[in-house]
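Engineer: need a 3D model of the following:
(one chain, ligands or ions: 1)
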Amino acid sequence: MQSIHAIHPTLRPIVTLQELHDSIKDCQRCRLASGRTQVVFGTGNPHAKIMFVGEAPGFYEDKQGIPFVGAAGKLLDELLEGAGLSRNDVYIANVIKCRPPDNRDPMADEVETCKPFLLQQIELIKPKVVCTLGNFAMQTLLGKKVGIMKVRGQSFQVKDFFVFPMLHPAAALHQGNLNEPLREDFRKLKAFLDRQQEPVPPVEQMNLFG
Ligand code: URA
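Structural biologist: Have a look, this model is predicted:
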């Protein structure tokens, strides 16, 4: 991925998540600034190997300043636990850092305005796997207009990390038939993470069996 400073050379170099947070906490770059309570930056382990990226804050996230604290967040916590993970192991953020009015979908210009900050978060955290929750985050990070049902539960190498698209927990709450597919995505994530932990076989053994 191109460095953010190549794309936005006027941004001063930011070296910590706290500096990045401070630099956008009073952001007025788009129309969402007028309706938000606060910028919802992200939460979790700043050195996480696994990051989760949702779409945008909802009502409770906007009030509390923390991503995924509403009903979708409760489901996410349960799914994380099932995959042997907790919020302390991972980092959770959104593509859009401010709540869209009435939880409407983010607009293309809002995504473009906010995307550099997500890319900077990824640059600073340096995760090995970025799990995208839902269509918006997946399309933002893969840069493709592909549908989530085509790519969910698979890994895509993007420069030095993998993007792992998953269904959005809110989608499963609204459409009961997506509940099992969402759980399947988390089982596939666990299997993918377990495979990443396996030692690479020595070259001699690969030759013997390959
Ligand atoms: N949905 C999201 O995409 N993000 C949140 O933080 C909460 C709900």
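Engineer: hmm, I96 is touching P106, no?
Structural biologist: Yes - under the contact definition of CB atoms under 8 Å, I96 touches P106, with a separation of 4.6 Å. No exception for glycine: its C-beta is placed from N, CA and C like everyone else's.
Engineer: who touches both of those two?
Structural biologist: E55, A56, C114, F136 (CB atoms under 8 Å, 6 or more residues apart in numbering).
Engineer: now do the contacts for the first one.
Structural biologist: With CB under 8 Å, 6+ apart as the criterion, the residues that contact E55 are N94, V95, I96, D105, P106, L133, G134, F136, A137, H168.
Engineer: closest to the ligand out of those residues?
Structural biologist: When the contacts of E55 are ranked by distance to the ligand (CB to the nearest ligand atom), N94 comes first, at 4.8 Å.
Engineer: just to revisit the earlier point, which of I96 and P106 has more neighbours?
Structural biologist: Higher neighbour count among I96 and P106: I96, with 27 against 21, using other CB atoms under 10 Å.
Engineer: ok, the more buried one - contacts?
Structural biologist: Residues in contact with I96, defined by CB under 8 Å, 6+ apart, are L32, E55, A56, P57, P106, E110, V111, C114, F136.
Engineer: what do you get if the cut-off is 7 Å, keeping everything else the same?
Structural biologist: Remark: with contacts taken as CB atoms under 7 Å, 6 or more residues apart in numbering, I96 is in contact with E55, A56, P106, E110, V111, C114.
Engineer: in helices, which of these fall?
Structural biologist: E110, V111, C114 (DSSP state H).
Engineer: got a list of what the nearest residue to the first one once chain neighbours are set aside touches?
Structural biologist: Read it as E110. Counting by CB to CB, 6 or more residues apart in numbering, the nearest residue to E110 once its immediate chain neighbours are dropped is C30, at 5.2 Å. In this structure, C30 makes contact with D109, E110, T113, judged by CB under 7 Å, 6+ apart.
Engineer: for the ligand, what's the nearest residue on this protein?
Structural biologist: For the chain, the residue positioned closest to the ligand under CB to the nearest ligand atom is G54, at a distance of 2.8 Å.
Engineer: which residues does that residue bridge with?
Structural biologist: Beta-bridge partners for G54, by DSSP bridges, are N94.
Engineer: circling back: could you export the contacts of I96 as TSV, including pLDDT?
Structural biologist: Shown next, in TSV, are these (pLDDT from 0 to 100):
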residue	pLDDT
E55	98
A56	98
P106	97
E110	98
V111	98
C114	98
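Engineer: show me where the chain has its strands.
Structural biologist: Chain-ordered strands for the chain, with DSSP state E as the definition, fall at 43-44, 50-54, 91-94, 129-133, 156-158, 161-166.
Engineer: what lines up beside the fourth one in the sheet?
Structural biologist: For strand 129-133, sheet partners with direction are given as strand 50-54 (parallel), strand 161-166 (parallel), following DSSP bridges.
Engineer: of these, flag the one that's most buried.
Structural biologist: The highest mean neighbour count among the strands paired with strand 129-133, using mean count of other CB atoms under 10 Å, belongs to strand 50-54: a mean of 27.
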